[in-house]
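> Got a predicted model here, sequence first, then my questions.
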Amino acid sequence: EKKLKKEVGEKYEVREVRKEEKAGESKQKVKEKKGELKKKHLDNKGLQNALEHVKNENAVDKIERNVIRALNKETGREETKTQIKKRIIAEKDYGTLTVIEDIPKSVAAHVSSLSFAEQPEILEADPVVKWNFNNVPKGSEVDVSYAVDGEVSADSEAIVGGEDPGFFSKLTIWFKQAFA
């Protein structure tokens, strides 16, 4: 709920949420998308570097699309927004779990038309964004989400994976699991 309100914006009063869920993306689909994204953005060194750090690919468990009807408190008009949310369940311990989201132009033509509860790193303005999560234990749930004006599909694809934990990451993960 807090993420939804932050993404929709403080100037809105949420009136109705229509939720749709679908199965996520398989590990094989994530690997294929990673290869496609590498070829598509050969000139973007930052994106190429980010993709190199996405090892040990991880599947996306669930994709949720929330169509939100909200009242704009400033104008008094009702507006529609769509929140896209992806849930990842860590298939192993990760020192750093990286999620790279390639958002199609049919959802958003530019990153400026998106709002995020947790601000990602912008890899490309057309938009490709990245979140990093440190010391993620196997079995943990990680959610990434964003909102856009209007009603859109949930066609974006995520590339998920990460690096094996080093000694200190393993120690941190062990503490998280021991005291959870």
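Now that the structure is in, tell me what you want to look at.
> what are the bridge partners for residue 122, then?
Beta-bridge pairing of residue 122 under DSSP bridges involves residue 129.
> Wait, residue 51 touches residue 39, no?
No. Counting by C-beta atoms under 8 Å, residue 51 does not reach residue 39; the two are 10.6 Å apart. Yep, even glycine has a C-beta here, placed from its N, CA and C like the rest.
> okay, those two: which has more neighbours?
Between residue 51 and residue 39, counted using other C-beta atoms under 10 Å, residue 51 has the larger neighbour count: 22 against 7.
> what secondary structure does the more buried one sit in?
Secondary structure state of residue 51, per DSSP: H, G, I helix; E, B strand; the rest coil, is helix.
> Excluding residues flanking it in the chain, which one is nearest it?
Once flanking residues are discounted, residue 51 sits nearest to residue 38: 5.5 Å by C-beta to C-beta, 6 or more residues apart in numbering.
> Tell me, how many residues neighbour that neighbour?
By the criterion of other C-beta under 10 Å, residue 38 has 15 neighbours.
> try residue 42
Neighbours of residue 42 (other C-beta under 10 Å): 9.
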